Structures are given as structure tokens and as C-alpha cells.
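Novice: below: sequence and its predicted model.
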Amino acid sequence: MTVTQNYQAQIYVTLRPSVLDPAGTAVKSGLSHMGYNNVEQIRIGKYVELTIAADSEDAARQQLDQICDQLLANPVIENYRFDLQKLSTPLNVGS
Amino acid sequence: MNVGVVVFPGSNCDRDVVWVTQGLLNQPTRMIWHEDSDLSDIDVVIVPGGFSYGDYLRCGAIARFSPVMQATIKHAEQGKLVLGICNGFQVLTEAGLLPGALVRNRDLHFVCDRVPLKVERTDLPWTNYYRTEEVITLPIAHGEGSYYADANTLKSLEENGQVLFRYCNAEGKSDQSSNPNGSLNHIAGICNRQGNVLGMMPHPERASDPSLGGVDGMRLFEGMLGAIAAIL
């Protein structure tokens, strides 16, 4: 019997350092209008949560790498990283 | 020349292209829904402007995986012509048919304007009805049109003559003041190494019908037509 485990992934997509982030610059200017002149280097990214069923943590990580490389992040302009947590309700699938 | 105009949910310049190729140039033109994948009758695939799939995630990111784009990639690999305009350019970069990416405009504004462009190279179907270094005027309308690629990619684009259109001033000089969006090397349009795939942020289809106040885009479609006629 194959035991499939559910994992939750928390995925962070950020602009590569070489890519300008005009939105981050605009937010920095907003903060300085508010008086926070001590804030530097604002970079705006994306956060994606998903759950994924896999036979092992390694298998889940491998699929997530593919998902991020192909769709969630564009490697030309973005980097990504993710955290993975095992969810408490395992699914029994197949035999 | 059989023209196929791709239609994604959120495309909004598809009919403008059809008006040019069918309405003005009398060429058989078929609109191709994003779930279709038969392009066997098509000579030129045009990926139009708009907001495919709502521009969710990144402009063009989700469109890339549609059945019609898988077929368009095969079409391009056979050496046939593919033109991406505005959102279509973003889709072609996401699909890997063209290098680099289009990112948020330098000043964050959605820029809607008519801008001068220099035609850099005229030995390809897309531009052979223009004069080399001719300055033309085309409309632009985009929020994410700033071309980005790493230094090596930019170098190879320039060395291989892949930059076809560059933002410039009325005299044909390119600098930051004539660059509407912060594109690296003032790039407005590039082709692949072979020259059969073109992506451009400006809208030639909006400058083809004389009643719209400019016809500088028409020669791009006429050049395309001439190249296909020469093959057939």
C-alpha cells in the first residue's frame, strides 16, 4: 500500500537583485513621507501557499522545484524559495 | 497568406489585427481560441495584445501553457512566422520563443502614447518595407513593457542584430528621455536568432488604417504578406 502524505508549501518569489523594482521604490517613498526615513531596500515579491500530496518529502520538493521553475517564478527575473510542512492528515491512496 | 490570430480570455487587440489582415489586406484570417491546437492551415500566427488570463501571476505566464501556445511553439520551430504584439510579446518571452522578460515600467505608469521608434534592420519579412534607421511612429499602451535580460543575453541580441525596433526621439537618437518605460538598450522589439519570431511592445495594428491617424504599422503587415507570397 502506498501512503500519500499531504504537505503544505509556503513559496516566496522575489525579484532577482539585478532587476529594478520601481514598485518597491514607490513604497519606500511612501514610507519616507510617513516619517520612516530609516527604511532602505524595499523589494516587493509574491507569496504563494499550496498543499501537495506526495509519497515523500523529497518527491514533494522535486515537484515544487518544477512547479516554481516552470510557472510560479520566471527564472529570467525572479528567484524562489519554499518551506514545506507535513500536514497531520495522511491520505491512503491505491494499494 | 493565412493568418491566425490567437484569442485568450482577456485578449483585447485581436479584432484590431483581424481588421488589418482581413479588412484592409484582404487576407484569409482565422481567430484561434486558446483551447485549439490545429494550426496546420496557418502561415502566420499573431499573438495579440490584451491581458491574457487577467495577467495573473505574471503577464503571459499562464497563456504559455495553453494548447494554442504549444502549437505555436511547434509552428515557430518549423521556421514559420510568429508575431507577438504587446501582451503577445510578453507571452512569447514566457514561452521561451524569445529571450528576456518584460517587467514593470520604470515610472510605474501605464504608458499610453505614440512614440518614435528606429527600425534597426530591414532584411527580415517584418521590416523589409522600411528603410534602415528609418524613424517611425507607433502607439504603445502598456504597464509592463520594460525589457529586461541579463548582460550576456543583451550582448548576444545586439551582436546578432536581433533588436528590430528601438525607442528614440524624433531625430532617431536613443536616450533615457526618449525611453518610455526603462527598457534596457531602449529595446521596443526583438526577433529570435532565426528571425521568424518577432515580439514588440508597440502596436502596428493600431497604426495601419489611415482613419486612425497613422499608417507606419502597415508596412510590417505588408512585409509579412510579401514574404509569404514569395514562399508560396
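Specialist: Looks like it came in fine.
Novice: give the contact list for the residue lying closest to residue B:105 once chain neighbours are set aside.
Specialist: Computed as C-beta to C-beta, 6 or more residues apart in numbering or on different chains, the closest residue to residue B:105 that is not its neighbour in sequence is residue B:181, at 4.2 Å. In short, each C-beta sits where N, CA and C put it, glycine included. Neighbouring residues of residue B:181 by C-beta atoms under 8 Å, 6 or more residues apart in numbering or on different chains: B:105-107, B:111, B:140, B:142, B:145-146, B:201.
Novice: repeat for residue B:179
Specialist: Going by C-beta under 8 Å, 6+ apart, residue B:179 touches B:106, B:167, B:186.
Novice: pick out the lowest-pLDDT one from those.
Specialist: Least confident of the contacts of residue B:179 in the model: residue B:106, at 93.
Novice: surely it and residue B:147 touch.
Specialist: No: contact criterion C-beta atoms under 8 Å: residue B:106 and residue B:147 do not qualify, at 11.1 Å.
Novice: who's more crowded, those two?
Specialist: In this view residue B:106 and residue B:147 are compared by other C-beta atoms under 10 Å in any protein chain shown, and residue B:147 has more residues nearby, 27 against 18.
Novice: run the chain-centre distance for whichever strand or helix holds that one.
Specialist: Here residue B:147, judged by DSSP states H and E, is contained in strand B:146-148. Strand B:146-148 has its C-alpha centroid displaced from the chain centroid by 14 Å (C-alpha atoms, centre = their mean, to the nearest Å).
Novice: next secondary structure after it?
Specialist: helix B:151-159.
Novice: quick one: residues contacting residue A:87.
Specialist: A:5-8, A:51.
Novice: now list the buried members of the residues you listed.
Specialist: A:5-7 (16 or more other C-beta atoms under 10 Å in any protein chain shown).
Novice: nearest residue to the middle of chain A?
Specialist: For chain A, the residue sitting closest to the mean C-alpha position, by C-alpha atoms, centre = their mean, is residue A:11 at 1.7 Å.
Novice: identify the residues contacting residue B:122.
Specialist: Contact analysis of residue B:122 by C-beta under 8 Å, 6+ apart lists B:128, B:130-132.
Novice: among those residues, who's most crowded?
Specialist: Busiest of the contacts of residue B:122 [other C-beta under 10 Å] is residue B:130, holding 21 neighbours.
Novice: which elements pack onto whichever strand or helix holds residue A:80?
Specialist: Assigning secondary structure by DSSP H and E places residue A:80 in strand A:78-86. Applying 3 or more C-beta pairs under 8 Å, 6 or more residues apart in numbering or on different chains; DSSP states H and E, we find strand A:78-86 packed against strand A:2-15, helix A:57-67.
Novice: as PDB, could you dump the C-alpha coordinates of it?
Specialist: Listed next in PDB are the C-alpha coordinates belonging to strand A:78-86 (Å, rounded to 0.1, in the frame of the first residue of the first chain):
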ATOM      1  CA  GLU A  78      12.900  36.000 -10.300                       C
ATOM      2  CA  ASN A  79      14.300  33.700  -7.500                       C
ATOM      3  CA  TYR A  80      12.200  31.500  -5.300                       C
ATOM      4  CA  ARG A  81      12.400  29.500  -2.100                       C
ATOM      5  CA  PHE A  82       9.900  27.500  -0.200                       C
ATOM      6  CA  ASP A  83       9.200  26.000   3.200                       C
ATOM      7  CA  LEU A  84       7.500  22.600   3.400                       C
ATOM      8  CA  GLN A  85       5.400  21.300   6.300                       C
ATOM      9  CA  LYS A  86       3.900  17.800   6.700                       C
END
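Novice: does residue A:11 touch residue A:78 like I think?
Specialist: No: here residue A:11 does not reach residue A:78: they are 11.2 Å apart, not a contact under C-beta under 8 Å.
Novice: where do the helices sit along chain B?
Specialist: B:14-18, B:67-77, B:87-94, B:151-159, B:218-231 (DSSP state H).
Novice: tell me the contacts of residue B:139?
Specialist: B:112-115, B:202-203, B:206-207, B:214.
Novice: what's opposite it in the beta bridge?
Specialist: Counting by DSSP bridges, residue B:139 is bridged to residue B:114.
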